[in-house]
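Novice: Need the 3D shape of this:
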Amino acid sequence: MKLEILKNALLKIKTRFLDLLFPIECLGCGGENDWLCQECLAKIKYKKIEQCVVCKETTVFGQTHTSCREKTALDGMIVAAEWEDKILQEAIHKYKYNFVQGLAEPLSKILIQKIKRLEQLALWQGQKIVLMPVPLHKKRYHWRGFNQAALLAARVAKYFGWETQDLVLKRERYTKPQAKLKKEERERNMVGAFGASAITSEHASETVVILVDDVVTTGATMNECANILKANGVKTVWGLALARG
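Specialist: As a prediction, this is how the structure comes out:
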């Protein structure tokens with residue numbers, strides 16, 4: 001109990017210190033009190049063309065092409081916005097590396113709007129939907145103080161009335177940051193990186209699991225998570241990310 005109180009106290013001190021270093025002002029227009037004001041949030045460049053996670057060719061709703069199924073365990077990928085959007089890039093960077101948890105709110109709104117624009121709910125109609133954030137290794141979690149994917153997943157799930165399961169997937173080993181690796185190295189880097197506890201959904205085979213992360217590049221991380229989930233009885237696994245770097 002004392003350890004938990006100490007952790008909470010240190011987190012509050014860290015948050016206040018970061019607030020002093022990075023005063024809250026809109027990353028788009030510089031206005032006060034919002035990291036992304038409503039006007040600048042409305043200017044985010046959403047992806048207009050949905051792409052297959054493997055071949056990057058156009059596909060309906062972001063579903064994986066039948067011909068690409070052998071190369072990934074992901075049934076589809078929803079990417080909300082264009083990586084070239086400079087405001088979004090800065091927001092993601094501050095969220096992950098400057099530890100600005102307050103950005104979880106506007107960034108989750110981008111994911112929500114993307115799902116609504118795609119009419120994705122029609123594709124999953126009648127199915128149980130569970131959101132699972134891509135897990136962090138405990139070493140990186142302690143460094144950052146929070147799992148950025150988990151904060152996004154919680155807000156998206158609350159909006160749509162979906163379920164979240166944060167503790168199913170586990171990061172079994174510490175890995176090098178994917179952003180610094182080439183495509184082939186990223187795939188090798190993720191092999192054996194994840195494990196899973198028992199799926200808590202009563203009917204895993206009838207559940208659509210949506211993996212949530214901030215950025216996806218080659219899809220190696222989500223693919224490894226999807227492999228683990230499908231080995232544990234989940235039939236359908238999608239990915240959801242703010243952008244594809």
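Novice: what's the closest non-adjacent residue to residue 237?
Specialist: residue 226 (4.1 Å; C-beta to C-beta, 6 or more residues apart in numbering). Placement of C-beta: from N, CA and C, glycine included.
Novice: Could you count how many residues lie near that neighbour?
Specialist: Neighbour count of residue 226, defined by other C-beta atoms under 10 Å: 24.
Novice: Could you do residue 173 as well?
Specialist: Residue 173: 9 surrounding residues under other C-beta under 10 Å.
Novice: surely it meets residue 135?
Specialist: No - the criterion here is C-beta atoms under 8 Å, and residue 173 misses it with residue 135 at 11.7 Å.
Novice: give me the number of residues near residue 138?
Specialist: 11.
Novice: do the same with residue 81
Specialist: By other C-beta under 10 Å, neighbour count at residue 81 equals 23.
Novice: my guess is residue 160 contacts residue 111, does it?
Specialist: No - between residue 160 and residue 111 there is no contact under C-beta under 8 Å: 10.3 Å.
Novice: looking only at pLDDT, what's the mean for stretch 125-140?
Specialist: The average pLDDT within stretch 125-140 is 89.
Novice: List every C-alpha atom in that stretch, with coordinates, as PDB.
Specialist: Extracted C-alpha coordinates of stretch 125-140, given in PDB (Å, rounded to 0.1, in the frame of the first residue of the first chain):
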ATOM      1  CA  GLN A 125     -22.700  -5.700 -36.700                       C
ATOM      2  CA  GLY A 126     -23.900  -8.300 -34.200                       C
ATOM      3  CA  GLN A 127     -20.400  -9.300 -33.100                       C
ATOM      4  CA  LYS A 128     -18.800  -8.700 -29.700                       C
ATOM      5  CA  ILE A 129     -16.000  -6.200 -30.000                       C
ATOM      6  CA  VAL A 130     -13.100  -6.100 -27.600                       C
ATOM      7  CA  LEU A 131     -10.300  -3.500 -27.700                       C
ATOM      8  CA  MET A 132      -6.800  -4.600 -26.700                       C
ATOM      9  CA  PRO A 133      -3.900  -2.100 -26.500                       C
ATOM     10  CA  VAL A 134      -0.500  -3.300 -27.700                       C
ATOM     11  CA  PRO A 135       1.300  -3.800 -24.400                       C
ATOM     12  CA  LEU A 136       4.500  -2.200 -23.300                       C
ATOM     13  CA  HIS A 137       7.300  -4.000 -21.600                       C
ATOM     14  CA  LYS A 138       7.400  -3.100 -17.900                       C
ATOM     15  CA  LYS A 139      10.800  -1.400 -18.400                       C
ATOM     16  CA  ARG A 140       9.300   1.000 -21.000                       C
END
